[in-house]
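*Asks:* next input, structure requested:
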Amino acid sequence: QVQLVESGGGLVQPGGSLRLSCAASGFTFESYAMNWYRQAPGKEREWIATISVAGGSTTYLDAVKGRFTISRDNMKKTMYLQMASLKPEDTAVYYCNANVRGLPRWGQGTQVTVSS
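*Replies:* Below you'll find the predicted structure:
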């Protein structure tokens with residue numbers, strides 16, 4: 001079955017960096033655009049970045065543009081989110097997502113906490 005497994009979250013100080021990973025299985029990873037979302041406490045889940053099937057096209061939420069970089073390795077069936085210059089307002093559970101065979105698929109999420 002379709003599985004998405006995020007990892008790499010943790011506690012980081014403001015200004016720090018983290019790299020999140022999303023390992024995919026159960027579908028043809030290289031045929032699907034992939035997305036990152038996040039959900040902060042008390043807020044709705046929000047889209048933050050998308051990468052095209054071959055990785056040549058990326059789009060970002062304005063709030064993370066220039067600080068976050070989405071990438072993918074189709075051989076490893078893994079997507080990444082490199083996060084830099086982290087701010088307290090980036091604190092959230094981060095989810096990877098793909099719309100596979102007409103259905104949105106989600107991982108379990110990984111917690112990112114930005115605090116001194």
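*Asks:* wait, a helix at E89?
*Replies:* Yes - counting by DSSP: H, G, I helix; E, B strand; the rest coil, E89 falls inside a helix.
*Asks:* and it, how many neighbours?
*Replies:* By the measure other Cβ atoms under 10 Å, the count of residues near E89 is 10. Glycine gets a C-beta too; all of them are placed from N, C-alpha and C.
*Asks:* how about it, what does it touch?
*Replies:* E89 makes contact with 40, 63, 114, according to Cβ atoms under 8 Å, 6 or more residues apart in numbering.
*Asks:* among these, which are in strands?
*Replies:* Judged by DSSP state E, strands contain the following of these: V114.
*Asks:* I'd like the contacts of E89 as JSON lines, with distance to M75 and pLDDT appended.
*Replies:* Shown next, in JSON lines, are the contacts of E89 (distance: Cβ to Cβ, whole Å; pLDDT from 0 to 100):
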{"residue": "A40", "distance to M75": "33", "pLDDT": "97"}
{"residue": "A63", "distance to M75": "31", "pLDDT": "97"}
{"residue": "V114", "distance to M75": "31", "pLDDT": "98"}
